[in-house]
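Novice: sequence plus the predicted model coming up.
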Amino acid sequence: MVRNIYPKKDYPKPRMPSLEQNIILKGQKALVTGANSGIGKAVALALGRAGASVLINYVVDDGSVDQMIKEIKSYGSQAFGFKADISKEPQVLDMYAAMLKKFGTIDILVNNAGIQRDSPFDQMTLAQWQAVIDVNLTGQFLCAREAVKEFKRRGVVESVSCAAGKIICMSSVHEVIPWGGHVNYASSKGGVMQLMKSIAQEVAPYRIRVNSIGPGAIKTPINHDAWATPQAENALLTLIPYQRIGVPEDIARVAVWLASDYSDYVTGTTIFADGGMTLYPGFSTGG
């Protein structure tokens, strides 16, 4: 067990400059998939705070999209919502057509949408396998392809960004950590890693940057059961050397940086925001 030197109530909170006062994405147009909950919601709001206009993609609207639009507009940015299943090519094409009509172009794609369909491997159905691959991997392919088309068509607009475009793929620590009982999910994220790297290699000469974020344990609806009780949280903390479970805003701050010119020399890499989960803490005492 990793010893936590801070009592939980006294654990230091991140101290970050206000994004409202740091409009590093002013004038840029962003698309965030799966943007009305969890990590996607935090990313979309953070991009808006940083000055970007945002298309909020969703599949099921629980009433949060209108509230997000109002919040982003309160920052002085523009926003609108678009319902599309990003695993379906016609719906992706319709979404991009709407974005180009509304915003004129795209500068930032955050490929965030993802699902889980968990099962022991020998009981996993083809439908469970295919659903996860379709959304988590094929969906990222379709959205990235359309973004690259527009980036290459438009090229660099120096008054907006020194890059022609930025793609941020939402991956996971499970692109490198095996995950029994979640073979479809881990396989999809391993695929995202190679998708990201291969696209990045191909499009770098066009001044297009492609990177991934690899979240660890983040408090979102998709993994609610993993942290919802004190017992579950304590068990999860044994996997996190930094001894706190992440929140969506931890990922949003990384996304804003990757979307900005501050990260202009960064492409083809995954940034793990995981509290050290990829350090394999089980080996901290020699295995």
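Specialist: Everything's here; your move. Here the structure is a predicted model, which means the values were calculated and not measured.

Novice: where do the helices sit along the stretch 1-150 of the chain?
Specialist: 38-49, 64-74, 89-103, 126-133, 139-154 (DSSP state H, counting those that start in this stretch).

Novice: out of these, which is closest to residue 224?
Specialist: Nearest to residue 224 among the helices of the stretch 1-150 of the chain is helix 38-49 (10.0 Å), distances taken as C-beta to C-beta. Where you see a C-beta, it was placed from the backbone N, CA and C, and this is true even at glycine.

Novice: low-scoring stretches of the stretch 1-150 of the chain, by residue?
Specialist: 1-22 (pLDDT under 70).

Novice: most packed of the helices of the stretch 1-150 of the chain?
Specialist: Ranked by average neighbour count under the criterion mean count of other C-beta atoms under 10 Å, those are headed by helix 38-49 at a mean of 26.

Novice: quick check: next helix or strand after whichever strand or helix holds residue 198?
Specialist: Assigned by DSSP states H and E, residue 198 falls within helix 183-203. Note on helix 183-203: by DSSP H and E, the next helix or strand toward the C-terminus is strand 208-215.

Novice: pLDDT on that next one, on average?
Specialist: On average, the pLDDT along strand 208-215 is 98.

Novice: mind listing the strands that strand pairs with, and their directions?
Specialist: strand 165-170 (parallel), strand 270-273 (parallel) (DSSP bridges).

Novice: just the angle for the first one relative to helix 183-203, thanks.
Specialist: What that stands for is strand 165-170. Going by axes from the mean of the first three to the mean of the last three C-alpha atoms, to 10 degrees, strand 165-170 is angled at 160 degrees with respect to helix 183-203.

Novice: to the chain's geometric centre, what's the distance from strand 165-170?
Specialist: 8 Å (C-alpha atoms, centre = their mean, to the nearest Å).

Novice: quick one: average pLDDT of it?
Specialist: 98.

Novice: next: the shortest one.
Specialist: With pLDDT averaged residue by residue, strand 270-273 scores 98.

Novice: tell me how many other residues crowd the residue lying closest to residue 50 once chain neighbours are set aside.
Specialist: Leaving aside its chain neighbours, residue 50 sits nearest to residue 25 (4.2 Å; criterion: C-beta to C-beta, 6 or more residues apart in numbering). Burial of residue 25 is recorded as 28 neighbouring residues (other C-beta atoms under 10 Å).

Novice: so who does residue 25 touch?
Specialist: By C-beta atoms under 8 Å, 6 or more residues apart in numbering, residue 25 lies in contact with 47, 50, 51, 52, 108, 256, 259, 260.

Novice: repeat the analysis, applying 7 Å as the threshold.
Specialist: By C-beta atoms under 7 Å, 6 or more residues apart in numbering, the contact set of residue 25 is 47, 50, 51, 52, 256, 259, 260.

Novice: for those, which one is nearest residue 245?
Specialist: Once C-beta to C-beta is applied, the member of those that ends up nearest residue 245 is residue 256, at 21.1 Å.

Novice: which ones are touching that closest one?
Specialist: 19, 25, 46, 47, 50.

Novice: so the third one sits right up against residue 252, yeah?
Specialist: Yep, that's residue 46 we're talking about. Yes. Assessed by C-beta atoms under 7 Å, residue 46 is found in contact with residue 252 at 3.8 Å.

Novice: got the contacts of residue 256 as JSON lines, with distance to residue 173 columns?
Specialist: Below are those laid out as JSON lines (distance: C-beta to C-beta, whole Å):
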{"residue": "19", "distance to residue 173": "25"}
{"residue": "25", "distance to residue 173": "27"}
{"residue": "46", "distance to residue 173": "21"}
{"residue": "47", "distance to residue 173": "23"}
{"residue": "50", "distance to residue 173": "25"}
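
Novice: buried ones in stretch 235-245, by neighbour count?
Specialist: 236, 237, 239, 240, 241, 242, 243, 244, 245 (16 or more other C-beta atoms under 10 Å).

Novice: what's the answer for stretch 278-287, then?
Specialist: Under 16+ other C-beta under 10 Å, the buried positions of stretch 278-287 are 278, 281.
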